[in-house]
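# dropping the sequence and predicted coords here.
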Amino acid sequence: QVQLVESGGGLVQAGGSLRLSCAASGRTFSVYGMGWFRQAPGKEREFVAAITWSGGSALYANSVKGRFTISRDNARTPVYLQMNSLKPEDTAVYYCAAARWYYGTQQSNYEYWGQGTQVTVSS
């Protein structure tokens with residue numbers, strides 16, 4: 001099993017920045033990909049960004065490309081999601097996820113999920 005704990009959410013004004021963190025523990029040696037997803041009220045959960053466990057490759061949703069950056073320093077540090085130029089439409093619960101044999105945009109391929117952290121962007 002892999003446990004994921006997100007932190008760093010909060011309330012920010014439009015144009016501001018936040019950095020989310022996702023700390024992984026447990027059988028992390030089996031993880032290949034890490035992802036961030038979000039779910040806004042009344043909407044389905046959607047892909048935001050993904051990174052390989054090594055940090056060597058990353059993917060982004062078109063809606064956040066150029067504003068958000070997913071990163072990690074090494075396999076022992078959290079996965080971060082740096083969110084800049086935030087917009088009210090970025091308001092959502094943000095979830096961290098981990099996959100053993102996958103790296104990509106499909107949330108059904110992620111086996112482990114965190115509890116989520118709320119991000120609210122005011123206009």
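Received it, and whenever you're ready, just let me know what you need.
# okay, which residue is most central for this protein?
The centre of the chain sits closest to W36, judged by CA atoms, centre = their mean, with a distance of 2.3 Å.
# helix, strand, or coil at Y94?
Under DSSP: H, G, I helix; E, B strand; the rest coil, Y94 falls in the strand class.
# returning to what we had before: quick one: buried residues of the helix or strand harbouring the residue nearest to the centre of the chain?
Per DSSP states H and E, W36 falls inside strand 33-39. Using 16 or more other CB atoms under 10 Å as the test for burial, strand 33-39 gives 33-38. Yep, even glycine has a C-beta here, placed from its N, CA and C like the rest.
# what helices or strands is whatever helix or strand comes next after it leaning on?
As assigned by DSSP H and E, the chain's next helix or strand after strand 33-39 is strand 46-52. With contacts defined as 3 or more CB pairs under 8 Å, 6 or more residues apart in numbering; DSSP states H and E, the packing partners of strand 46-52 are strand 33-39, strand 58-60, strand 68-71, strand 79-83.
# the first one: how far from the chain's middle?
The gap between the average C-alpha position of strand 33-39 and the chain average comes to 4 Å, counting by CA atoms, centre = their mean, to the nearest Å.
# cool, stretch 91-105 as well?
Chain-centre distance of stretch 91-105: 6 Å, with CA atoms, centre = their mean.
# repeat for stretch 13-24
The chain centre lies 9 Å from the centre of stretch 13-24; the measure is CA atoms, centre = their mean.
# can you list the buried residues in it?
Across stretch 13-24, burial judged by 16+ other CB under 10 Å covers 18, 20-22, 24.
# also stretch 68-83?
In stretch 68-83, counting by 16+ other CB under 10 Å, buried: 68-70, 72, 78-81, 83.
# distance check, Y102 against P41.
Taking CB to CB, to the nearest Å as the measure, Y102 and P41 are separated by 28 Å.
# tell me which of the two has more neighbours.
Counted by other CB atoms under 10 Å, Y102 and P41 do not tie: Y102 has more neighbours, with 18 against 7.
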